[in-house]
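Novice: take this sequence and fold it.
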Amino acid sequence: MAAFEFFTGVPSRLVPDNLKTGVDKPDLYDPKINKAYAELAAHYDTLVDPARARKPKDKPRVERPMQYVRDSFWAGRQFASLAAMQAEAIRWCREVAGTRHSRALEGAQPAAVFEAVERSALIPLPVNGFQLATWSTGKVAVDCHVKVGKALYSVPWRLIGAQVHARSCGDLVQIVHEGEVVATHVAHRSGRATDFEHYPPEKIAFHMRNPTWCRRVAAEIGPSCVGVIAAFMAVNAISRLRSAQGVLALRKEFDDARLEAACARAAEVGDPSYRTIKGILAAGTEHGDEPATSSPPATAPAFLRGPAQFDADNASA
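Specialist: Residues are numbered from 1 along each chain as shown. Have a look, this model is predicted:
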């Protein structure tokens, strides 16, 4: 990229060696280019055409000047900083290397040949600069997350078990599957980044029904239900969240008045749990000892009948 900026243009064809940072898999007919290098080529609209393996004559014009650079620029020099070295390298290219008389050019100066012949053949630089990205590969785990560096990023649940590529560039991480970006996250150094929409529908519903949601819905039902939910949320709310969700989900089967009465009944007998509240509603005893018109199931949970009914059963035995 620095060379493109120096020459203010891009050659139409790049001939790199088969190093891993440029070529993942050498092949005479279809070489596999490194993803980051391929992105660079696409950004600058140039062709990457790796040299053939074990064919040193494919790139002698690139390798031969390295000896000259080593002997003329590096030999006997010391630099106080990287910035100082880079500034001196630019001056040396323009005032020394570019003005020498090169035998490879029949005694012509490289800078003069470049201005007369080569500059017009270069592709203009794009308006925006290129941002180098880092690529990695990972497998989507059963929790819908893939590891990138030390952080975990969520991926749509349909890709569980699939191999995906992660592109990290600046403060963004993109997850790519079969050439398509399937997830985008803000980069994290560690921890977990989760988009709940990546979860299956049933998991989304669970995560959206948080403690705040539970308290709000309980207030719509009545004070006894609010008390039951508050008891769930009082200690270790996250681990007891499922119980609170279960109580509120009983609205699908029973009206709010019956659910409110069942919560009050469960609190009265000292066991305001999901199992007890559901059993009271199933038996129809939320308003007292007498069951509703529908008979209770054969295997009714505890506290379906009041103390008076138990005393009557014992007296008749």
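Novice: using the three-state scheme, assign Leu281.
Specialist: Secondary structure, DSSP: H, G, I helix; E, B strand; the rest coil: Leu281 is helix.
Novice: distance of it relative to Ala111?
Specialist: Between Leu281 and Ala111 the computed distance is 90 Å (C-beta to C-beta, to the nearest Å). Using the backbone N, CA and C atoms, a C-beta is placed for each residue, glycine as well.
Novice: cool, Thr194 as well?
Specialist: 56 Å.
Novice: tell me which of Leu281 and Ala111 has more neighbours.
Specialist: Leu281 (22 against 15; other C-beta atoms under 10 Å).
Novice: hmm, the more buried one is touching Phe254, no?
Specialist: Yes: the criterion here is C-beta atoms under 8 Å, and Leu281 meets it with Phe254 at 5.2 Å.
Novice: what do the two both touch?
Specialist: Ala262 (C-beta atoms under 8 Å, 6 or more residues apart in numbering).
Novice: so for this protein, which residue is the most central one in space?
Specialist: Of all residues in the chain, the one closest to the mean position by C-alpha atoms, centre = their mean is Tyr153, 3.2 Å from it.
Novice: residues touching that residue, list them.
Specialist: 145-146, 166, 173, 175, 183, 185, 188, 192-193.
Novice: what subset of the residues you listed is buried?
Specialist: Buried residues within the contacts of Tyr153, counting neighbours by 16 or more other C-beta atoms under 10 Å: 145-146, 166, 173, 175, 183, 185, 188, 193.
Novice: looking at the residues you listed, spot the one nearest Ala41.
Specialist: Ala166 (20.5 Å; C-beta to C-beta).
Novice: what sits against that closest one?
Specialist: 135-138, 146, 148, 153, 173-176.
Novice: for Asn34, same thing?
Specialist: Asn34 sits in contact with 20-24, where contact means C-beta under 8 Å, 6+ apart.
Novice: and those, which two are the farthest apart?
Specialist: Taking C-beta to C-beta, the two most distant members of the contacts of Asn34 are Thr21 and Asp24; they sit 9.6 Å apart.
Novice: more neighbours, the two?
Specialist: Set Thr21 next to Asp24 and count neighbours by other C-beta under 10 Å: Asp24 wins out with 14 against 10.
Novice: ok, that one touching Lys32?
Specialist: Yes: contact criterion C-beta under 8 Å: Asp24 and Lys32 qualify, at 4.5 Å.
Novice: list residues touching both of these two?
Specialist: If you check Asp24 and Lys32 against C-beta under 8 Å, 6+ apart, no residue is contacted by both.
Novice: separation between the residue nearest to Leu250 when sequence neighbours are not counted and Val217?
Specialist: Closest residue in space to Leu250, ignoring its immediate chain neighbours: Leu259 at 5.5 Å, by C-beta to C-beta, 6 or more residues apart in numbering. The gap separating Leu259 from Val217 is 11 Å, by C-beta to C-beta.
Novice: same check on Met85?
Specialist: 67 Å.
Novice: for Ala89, give me its contacts.
Specialist: Contacts of Ala89 by C-beta under 8 Å, 6+ apart are Phe73.
Novice: look at it and report its pLDDT.
Specialist: If you check Ala89, the pLDDT there is 94.
Novice: helix/strand/coil for it?
Specialist: Using three-state DSSP, the structure places Ala89 in helix.
Novice: any idea how far it is from Ala97?
Specialist: Taking C-beta to C-beta, one finds Ala89 at 10 Å from Ala97.
Novice: could you do Tyr68 as well?
Specialist: 8 Å.
Novice: of the two, who's got more company?
Specialist: Ala97 (18 against 12).
Novice: how far away is the more buried one from Arg119?
Specialist: 16 Å.
Novice: repeat that for Ala166.
Specialist: Applying C-beta to C-beta to Ala166 and Arg119 gives a distance of 39 Å.
Novice: give me the below-cutoff pLDDT ranges for this structure.
Specialist: 202-208, 238-239, 289-317 (pLDDT under 70).
Novice: domain assignment for it?
Specialist: Domains of the chain are assigned by automatic domain parsing as 2-121, 134-200, 209-316.
Novice: all good on my end, thank you.
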